[in-house]
Structure formats: C-alpha cells, structure tokens
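A.B. asks: got a sequence here, can you build the structure:
(2 chains)
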Amino acid sequence: DTAVSQTPKYLVTQMGNDKSIKCEQNLGHDTMYWYKQDSKKFLKIMFSYNNKELIINETVPNRFSPKSPDKAHLNLHINSLELGDSAVYFCASSPRLAGGLYNEQFFGPGTRLTVL
Amino acid sequence: AQKVTQAQTEISVVEKEDVTLDCVYETRDTTYYLFWYKQPPSGELVFLIRRNSFDEQNEISGRYSWNFQKSTSSFNFTITASQVVDSAVYFCALSEADGGATNKLIFGSGTLLAVQP
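C.D. replies: A predicted model of the protein is given here:
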C-alpha cells in the first residue's frame, strides 16, 4: 500500500555505467518530481512532470533523462555515471488543487546511489 | 530569487526541553507556500505542515507549533517537551504559486536536531 515507491533502494555501480531508478505512485496524482539530496543533505529539484509532460528541468546535465510512461510512473535514467552523481534521489508526487493552487508533495523512500 | 535559510545547522537538547527551529525565506511573490518536512535517521521525508502566504495564523499540532510572520519572512517551528523520537533533520521549504501545472520546492539546508535522553 506504499503511496510513492522507488526501486531500487540502494544502487552501487562503477563510473561510466548507465543505470535507472524507477518511481511509481498510487495516489492518483498528476504531478511527479525528482529531487537530489547530496552528501551534505541539501535537497534540490531536478525534474517535474505533469501528466507525462516535462515541466521543470533544473539545468541538470543531459546525462540524466527522465521518462514518464504514464502519470503514475516517473523513471530516471543516468548515463555515464560520475563520482559526483553519488547521492540520494527522491521521487515525489503531488495533486493539483483547483485554480492552480498547490498542495504538499509526498516523497518516496529515496534511492541511495553510490558511484565507485 | 527564492531562497530559504535555516541558520541553525545542528541543535542538541535534552529530552523534555522545548526547542525552536528557525526558518527565514525570500521571495518576490505575494502568493507562496511554506512547508516543514522531517527526515528521521531512516531517511524518508515526512511532511509536517503547509502554510500559504495569506494565512498568518499560528498552528499547533500536539507538541508541534509553527509561527508564521510575514513581517520578518520567518516560519519558525517549535517542538515542546522534545522526545528522543524527534531526533531528525528538519527542512523548511518554499514554493511559489505561479498558477502553473507544477511547483518546485526550494529547500533550506536543514537543521539536525539531536534530542538526548
């Protein structure tokens, strides 16, 4: 019954590899996000999708490519992994209130990516 | 530009003490939302509260209370009679309501609260 789920929870890989992280939400929300939390715990948005459409791309290197096959899923594919990509990646989703108002974001458990 | 400042990097208290976590924000918009999230040692992000810019009423939820003051651009969080289970990193966040399809959260750097038994 998990609201926002991510797989895998841990990912250890070598520099130069390509990897994907999957996210699914069963809350019926229209909007999904990817955030990155670095080693100093700083959280920063990477991408946002609304109904499968990319809305926000926060100057993330193009090695990162999000893909939303439907509004319940938002996957993150990373090419040519670098040491600096090591972080915790959080997926989130939110509903949209009427009139363009905003509601809180519900976060997944995070995926800890370690690049060796 | 939007910005959230949590000047307290770490706070250590003894159980049953009251503690206030500070949050100061910057925005040019008149309509915006403020949030607090908790990140316990297990790592998940737990939503605590949302407040919109038109609602300056303080809020109390059990041992938690929030003081929103637009005049000082602050949204402080107080835990009364702290408990060991309150030990976590607490994040304050800001989002502007641009009426668009989606909004991003701008997070502060977090405050690590350690409650000692």
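A.B. asks: quick one: least confident helix or strand in chain A?
C.D. replies: strand A:53-57 (a mean of 81; mean pLDDT, DSSP states H and E).
A.B. asks: can you list the weak-confidence ranges in chain B?
C.D. replies: For chain B, the stretches with pLDDT under 70 are B:97-102.
A.B. asks: swap the cut-off to 90 and go again
C.D. replies: Scanning chain B with the threshold set as pLDDT under 90 gives B:1-2, B:28-33, B:50-60, B:95-105.
A.B. asks: hang on, the earlier thing: give the partner strands of the least confident helix or strand of chain A in its sheet and their orientations.
C.D. replies: Here strand A:53-57 is paired, per DSSP bridges, with strand A:43-50 (antiparallel).
A.B. asks: show me what counts as buried in the partner strand.
C.D. replies: By neighbour count with 16 or more other CB atoms under 10 Å in any protein chain shown, strand A:43-50 contains the buried residues A:43, A:45-50. The C-beta positions use only the backbone N, C-alpha and C, and glycine is treated the same way.
A.B. asks: closest to B:Ser87 out of the residues you listed?
C.D. replies: Closest approach to B:Ser87 among the buried residues of strand A:43-50 (CB to CB): A:Leu43, at 18.9 Å.
A.B. asks: ok, back up a step: hmm, the following helix or strand past the least confident helix or strand of chain A in reach of chain B?
C.D. replies: Next along the chain after strand A:53-57, taking DSSP states H and E as the criterion, comes strand A:64-70. No - contact of strand A:64-70 with chain B is not found when judged by CB under 8 Å from any CB of the partner chain; the minimum separation is 12.1 Å.
A.B. asks: quick one: average confidence on strand A:64-70?
C.D. replies: Confidence over strand A:64-70 (mean pLDDT, whole number) is 92.
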